[in-house]
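# Dropping the sequence and predicted coords here.
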Amino acid sequence: MRKLELSPFVHKVKGQRNWVLCDLLEGRFFQVSPDGDLEMLKKQLLEMKLVFETGGMIPFKYESSMDLYKKGIRIRELQVRVTGNCDLDCAECGSLCFCFKSSGEISDETLSFIFEQFKYIPLDQVSIIGGNPMLKFDAIEKIRENLAAEDFKIMFKGSLDKNEKKILDDLGIKISDFPYQYKEIEEKEMQVDGFSFFFNQEFNPCWGRKIAVDIDGAIKPCLWSSDILGNIQKDNLKKMINLGDFNPYWELTKDKFKECRICEYRYVCPDCRVAAFKETGDINAKTLPCRYRPQEGKWKM
């Protein structure tokens, strides 16, 4: 057999015991154990087209440029909580990364400061959260009209009638009724794509290049964090970004966590720093709840 080279779209990530091949073209990954049959492994990898035979040619490597984020002020996501008021009684209310109730709603003045500042900050996605965001529909319309982003979504657990769904659809706003980011980490939850694979090497999977603004204008790393970094009515976001005020949160990659950095899945799994801190009191703790044991190379049953 001639020399084997990884496909240009496949990247290897080493863990303490095993390693994974991440196929960024097909969106799949393949775990490899050093205890396996080497010849059988080579055959499987060839059949899966994760490697190919070469006579010495070194293939190019597929990479997704992060320069828009590393060298600029581009924001991956803006979270805006438009109201804490809610007329629903969802069982999940107050649970981590679900909607949460509190008194008050965002003011037109606070919205105007958001719109003014994001005239000069490129933005990928806007997420609208409550309380029940539909109780503050005028704010939803203003956000959609005044912010330029590729995607808009609203977190809503209640029932919408056909007319409400059509209005949101006409506005180009997607509806999400699942927990915002928080989820158990199981093998079936693992996802791999070119963007997230490289993004997660530079930034935190959840907090990376994210800014949240609460109903009182408080600027946070995410709406569920208790950390307040400033206020949209008093602080200049562009200046904060350039000075690195968000970096301690954005750059909390899994390479910096004691247990995660020895895990071969660290670039393809989700994260929730709020959950980790809430359970352990340590912002650098292992992602919770995680069902994988990197020391053993096995998933918990």
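Thanks, I have the structure now.
# And the helices in the stretch 151-300 of the chain?
For the stretch 151-300 of the chain, helices defined by DSSP state H, counting those that start in this stretch occupy the ranges 162-171, 194-202, 237-243, 247-250, 273-280.
# export these to CSV and tack on mean neighbour count and distance to N85?
Just so you know, the C-beta spots here come from the backbone N, C-alpha and C atoms, and that holds for glycine as well. Formatted as CSV, the helices of the stretch 151-300 of the chain follow (neighbours: other C-beta atoms under 10 Å; distance: least, C-beta to C-beta, whole Å):
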stretch, mean neighbour count, distance to N85
helix 162-171, 12, 17
helix 194-202, 17, 34
helix 237-243, 15, 26
helix 247-250, 17, 28
helix 273-280, 18, 23
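# any chance of those in TSV, with mean pLDDT too?
Shown next, in TSV, are these (pLDDT from 0 to 100):
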stretch	mean pLDDT
helix 162-171	93
helix 194-202	94
helix 237-243	96
helix 247-250	97
helix 273-280	88
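# Could you pull up the contacting residues of G72?
Taking C-beta atoms under 8 Å, 6 or more residues apart in numbering as the criterion, G72 is in contact with P122.
# My error: substitute Y120 in the last question.
K238.
# That one in helix, strand or coil?
Under DSSP: H, G, I helix; E, B strand; the rest coil, Y120 falls in the coil class.
# Look up how far D67 lies from it.
Separation of Y120 from D67 (C-beta to C-beta, to the nearest Å): 19 Å.
# any idea of the pLDDT on the spatially most central residue of the chain?
Relative to the mean C-alpha position of the chain, the nearest C-alpha, by C-alpha atoms, centre = their mean, is the one of C206, at 3.5 Å. Per-residue pLDDT puts C206 at 93.
# Same check on the one 10 residues further on?
Each residue has a pLDDT score; the one for D216 is 97.
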